[in-house]
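need coordinates for the below:
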Amino acid sequence: MVGRPDLIAPEIAEQYGVGIHTVTKSWARHPQWPTSHKRGRYKAYDAQAVADFVREHVARPLIELELRRLYTAREIADATDISEGTIRADRSRGRWPEPDPEGSSDSVNR
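Down below sits the predicted model:
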């Protein structure tokens, strides 16, 4: 859902949960990134065009995993095309879900 007709880089970063440098140094340099216009001193981008770009070039497809199985970082990396290092870094920065507590209702020991 897009709330504004146009967005500047800090708003894009906030909306998609990424850093400002991801938007300005990575996404905005992609050849398919939407064209900009000025909003005050900032470059502004059409919100729908940004949403389309993220859907086509950034968002990853969901994969099917077995709910009751434990996966290693290598197995997740193979299934998702995300490197093991990225998985471990995200995990250490709190951007990965915590394991279920022991004795959880599904009785899987994590």
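
can you tell me how far residue 11 is from residue 51?
Separation of residue 11 from residue 51 (Cβ to Cβ, to the nearest Å): 12 Å. All C-beta spots, glycine's among them, are computed from the backbone N, C-alpha and C.

secondary structure class for residue 32?
coil (DSSP: H, G, I helix; E, B strand; the rest coil).

and the pLDDT at it?
According to the prediction, residue 32 has pLDDT 95.

pretty sure it is in contact with residue 58, am I right?
No. If you go by Cβ atoms under 8 Å, residue 32 and residue 58 don't touch, sitting 10.6 Å apart.

those two: who's more crowded?
residue 58 (14 against 10; other Cβ atoms under 10 Å).

how about stretch 86-101: buried residues?
Within stretch 86-101, the residues that count as buried by 16 or more other Cβ atoms under 10 Å are residue 87.

from here on, count from 41
Will do, 41 is the new start, and the previous item becomes stretch 126-141.

quick one: residue 84 is in a strand?
Yes. Under three-state DSSP, residue 84 falls within a strand.

separation between it and residue 135?
From residue 84 across to residue 135, the span is 28 Å (Cβ to Cβ).

how does the chain divide up, domain by domain?
Listed by automatic domain parsing, the domain ranges of the chain are 46-98, 103-136.

looking at those domains, which one has the lowest mean pLDDT?
Across the domains of the chain, domain 103-136 has the smallest mean pLDDT, namely a mean of 85.

roughly how far is that domain from the heart of the chain?
Centroid separation for domain 103-136 versus its chain: 14 Å, with Cα atoms, centre = their mean, to the nearest Å.
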